[in-house]
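K.L.:
Based on what follows, work out the 3D shape:
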Amino acid sequence: MDTIASLFSFITTPVSWVIVQFHKLYGALFGDDTGWAWGLSIVSLVVLIRICLIPLFVKQIKSTRNMQVLQPKMKAIQERYKNDKQRQSEEMMKLYKETGTNPLSSCLPILAQSPFFFALYHVLSAIASGKTIGVIDQPLLDSARQAHIFGAPLAAKFMDSEEKVSALGASLTDVRVVTAIMIVMMSASQFFTQRQLMTKNVDLTVKTPYMQQQKMLMYIFPVIFAVMGINFPVGVLVYWLTTNVWTMGQQMYVINQNPTPGSKAQDQYLGRLLKSVTAHGEVRGRTRRNTVKRIVAKGTDRNDIERKFVTGLAKLGLAAQEDGTVTKSEAAVLEAEGGTAPKRQQPKRQTKAKRHTAAGHQGTAKDSAEAKTSLEKQDAPQDDKPKTAAKPAASGSSRQAKPGQRKGPQRPKHPSKK
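P.N.:
Numbers count the residues shown, from 1 in each chain. Predicted coordinates for the structure are as follows:
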C-alpha cells in the first residue's frame, strides 16, 4: 500500500494544503490539537472532492442506467456471434456508439477519487512515522500526532503493535475498538448503498447476467472493504466512511428524483406525483414536469407503471400534455373507464306473469285489428265485371300439390324409385 501511495506523491502537497486550511478553521473552534479539528478537516476534504465529482457521478448514473437497458441487446449479440469474438466486439462497440454509452463511465467517480485517497494515505503514514510532508511542517506534525478520535490516534491502524500505538499516546484496546467499529460502519454503508441500487432502482422486468453480477458485488465489496480496512489508518477510515455516507445519500436523492423506468423506485415516485397532482390539480416543479413530458413522449411504449400513472390521471378527469402539464379532459375519464362513449343500459327483465299479460294484450289487439279489416272488406263495393274462369290445372308439373308436399313444379323421381 505504501508503494502505491508513493505513486501519487505528486498530489500530496495539494491534499495536505487543503487539510491545513480546514484545520485552521476548525482549530479556532475546537482547538488545534483536538481530534475534532483534524477529523473534520478530513471530512471537509471528502465533501469538497465529492462536490467537484458531481458531474462524473451524474455520468455514472446515466451509464449504469443505459447498461441496464442495453443488457437484452448485448445478450442477443453474444448469442448471435458466440463463435466469432471479433465480430462480437465490433457489434458491441457499434451498439455503445449508437446509444452514446460508455461502460467505463460507471467507474469514473472511483477512479477520480483514487489519487486523493492514496495521497491522504501517504500523508497519514508520514504523520504516523513522524515525517513532515507537503505543507505539514513540524509544529503541524506534532499537533496531528496528538489528535485522537474517541481515543484512537489519527495515524493508528488496527494491525499496529502495542509499542507503536503507545508511541502515539494511546492504548491498543481503544485503537482496535474504534477501528473495528469504523470498519463495520464502512462495510455496512457500502452494502446498503449497493442493495439500495439493486432493490429499488433496477428494472425488475429485465433479467440479465448484469443483474447477477451486481448482486454478487453487493456482497463482495463489503468483504473487500473489511479486509482492506484493518490496514487503513484511522484518518483514512474517516475519509472512506464519509465518502460512503455521501454516496449513499447522493444515490438516495437521485433514485427518489430520477428513478430507473420500470423499477420499484419509479412506482413510488409516480405514486407521490399522482398524490401531488390530486392535491393541487397541477404538476409542480420543473423536474416533475420533465418526467410527465417523457411519459407522454413514449406513447404506446410506456411500461406498466407509467400506464398506471396515466390511468390515475384520467380517473381524476385530467390528461397529461406534451409540455408536462395536465389539463381537464372528459375524454380522459371515458378512456380510463375503458370506452369512448357511455354504455347503453339494458332493459330490465320482466317477470313471467308480466310477459303472459303483455302477450294476452297483444293477442286481443291483433284479433280486433283482423275483425276490423274483414268488416271493411265486406262493406267495399263489388266489381260488376264477371270473373274469368280459372284455367284448368296442367297435368304435368302444374298438378295440385298434396298436403305436406312442396308447391310448384316437382322434380321427377329417379327411375329407380318408381
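K.L.:
quick one: the helix or strand S125 falls within to chain centroid distance?
P.N.:
Using DSSP states H and E, S125 maps to helix 108-129. Chain-centre distance of helix 108-129: 35 Å, with Cα atoms, centre = their mean, to the nearest Å.
K.L.:
Run the angle between the helix or strand following that helix and helix 108-129 for me.
P.N.:
Scanning forward in sequence from helix 108-129 by DSSP H and E, the next helix or strand is helix 138-146. Using axes from the mean of the first three to the mean of the last three Cα atoms, to 10 degrees, the inter-axis angle of helix 138-146 relative to helix 108-129 is 100 degrees.
K.L.:
Which neighbouring elements make contact with helix 138-146?
P.N.:
helix 108-129 (3 or more Cβ pairs under 8 Å, 6 or more residues apart in numbering; DSSP states H and E). From N, CA and C alone the C-beta is placed, and that goes for glycine too.
K.L.:
buried stuff in the helix it packs on?
P.N.:
108-109, 113, 115-128 (16 or more other Cβ atoms under 10 Å).
K.L.:
Next: stretch 297-307.
P.N.:
Those would be R302, N303, I305, E306, for stretch 297-307 by 16+ other Cβ under 10 Å.
K.L.:
Skip the chain neighbours and tell me the closest residue to I77.
P.N.:
E91 (4.7 Å; Cβ to Cβ, 6 or more residues apart in numbering).
K.L.:
The host helix or strand of the one you found: how far from the chain's middle?
P.N.:
Following DSSP H and E, one finds E91 within helix 85-99. Distance of helix 85-99 from the chain centroid (Cα atoms, centre = their mean) equals 26 Å.
K.L.:
Quick one: mean pLDDT for that helix?
P.N.:
Regarding helix 85-99, the rounded mean pLDDT is 82.
K.L.:
Quick one: residues contacting E282.
P.N.:
Contacts for E282 were tallied using Cβ atoms under 8 Å, 6 or more residues apart in numbering; they are T325, V326.
K.L.:
Also F57?
P.N.:
The contact partners of F57, by Cβ under 8 Å, 6+ apart, come to R50, P109, Q250.
K.L.:
how close does the last one get to Q266?
P.N.:
Taking Cβ to Cβ, to the nearest Å as the measure, Q250 falls 19 Å from Q266.
K.L.:
what do you get for the second one?
P.N.:
Taking Cβ to Cβ as the measure, P109 and Q266 are separated by 23 Å.
K.L.:
next one: the first one
P.N.:
When Cβ to Cβ is applied, the distance between R50 and Q266 equals 26 Å.
K.L.:
And the strands in the stretch 201-350 of the chain?
P.N.:
318-320, 326-328 (DSSP state E, counting those that start in this stretch).
K.L.:
what packs against the last one?
P.N.:
Helices and strands touching strand 326-328, as assessed by 3+ Cβ pairs under 8 Å, 6+ apart, comprise strand 318-320.
K.L.:
partners of the strand it packs on, with directions?
P.N.:
Paired strands of strand 318-320, with direction, are strand 326-328 (antiparallel) (DSSP bridges).
K.L.:
so how far is the strand it pairs with off the chain centroid?
P.N.:
Offset of strand 326-328 from its chain centre (Cα atoms, centre = their mean): 26 Å.
K.L.:
Mind listing what's buried along that strand?
P.N.:
Buried-residue list, strand 326-328, by 16+ other Cβ under 10 Å: V326.
K.L.:
Touching that strand from outside, list them.
P.N.:
The set of residues external to strand 326-328 that reach it, using Cβ under 8 Å, 6+ apart, is V277, G281, E282, V283, V292, L313, G317, L318, A319, A320, Q321.
K.L.:
if you set the cut-off to 6 Å instead, what comes out?
P.N.:
V283, G317, L318, A319, A320, Q321 (Cβ atoms under 6 Å, 6 or more residues apart in numbering).
K.L.:
can you name the two of these that are farthest apart?
P.N.:
Spatial extent of these (Cβ to Cβ) is set by the pair V283 and G317 at 15.0 Å.
K.L.:
With neighbour numbers in mind, choose between these two.
P.N.:
Neighbour count, other Cβ atoms under 10 Å: between V283 and G317, V283 has more, with 24 against 15.
K.L.:
Where does pLDDT dip in the stretch 151-300 of the chain?
P.N.:
For the stretch 151-300 of the chain, the stretches flagged by pLDDT under 70 are 202-212, 214.
K.L.:
Now N66: closest residue in space, sequence neighbours ignored.
P.N.:
T101 (4.2 Å).
K.L.:
Apologies, that question was intended for N102.
P.N.:
Of all residues not flanking N102 in the chain, S63 sits nearest, at 5.8 Å (Cβ to Cβ, 6+ apart).
K.L.:
Check which residues of the helix or strand harbouring that neighbour are buried.
P.N.:
Here S63, judged by DSSP H and E, is contained in helix 54-80. By neighbour count with 16+ other Cβ under 10 Å, helix 54-80 contains the buried residues 56-57, 59-68, 70-71, 74, 77.
K.L.:
from those, which is closest to F150?
P.N.:
Nearest member of those to F150, counting by Cβ to Cβ, is F57, at 30.4 Å.
K.L.:
coming back round to it: may I see the contacts of strand 326-328 organised as JSON lines, with distance to R272 added?
P.N.:
Converted to JSON lines, the contacts of strand 326-328 look like this (distance: Cβ to Cβ, whole Å):
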{"residue": "V283", "distance to R272": "12"}
{"residue": "G317", "distance to R272": "20"}
{"residue": "L318", "distance to R272": "16"}
{"residue": "A319", "distance to R272": "20"}
{"residue": "A320", "distance to R272": "16"}
{"residue": "Q321", "distance to R272": "20"}
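K.L.:
if we take those residues, which one ends up nearest to I255?
P.N.:
Nearest to I255 among those, with distances taken as Cβ to Cβ, is V283, at 20.2 Å.
K.L.:
check contacts around that closest one.
P.N.:
R289, V292, T325, V326.
K.L.:
please redo it, this time with the cut-off set to 7 Å
P.N.:
By Cβ atoms under 7 Å, 6 or more residues apart in numbering, V283 lies in contact with V277, R289, V292, G324, T325, V326.
K.L.:
dump the residue contacts of T325.
P.N.:
Contact analysis of T325 by Cβ under 7 Å, 6+ apart lists E282, V283, R289.
K.L.:
Just confirm the residue nearest to N66 is within a strand.
P.N.:
No. Using DSSP: H, G, I helix; E, B strand; the rest coil, the assignment for T101 is coil, not a strand.
K.L.:
just checking, it touches M74?
P.N.:
No. Using Cβ atoms under 7 Å, T101 makes no contact with M74, being 10.1 Å away.
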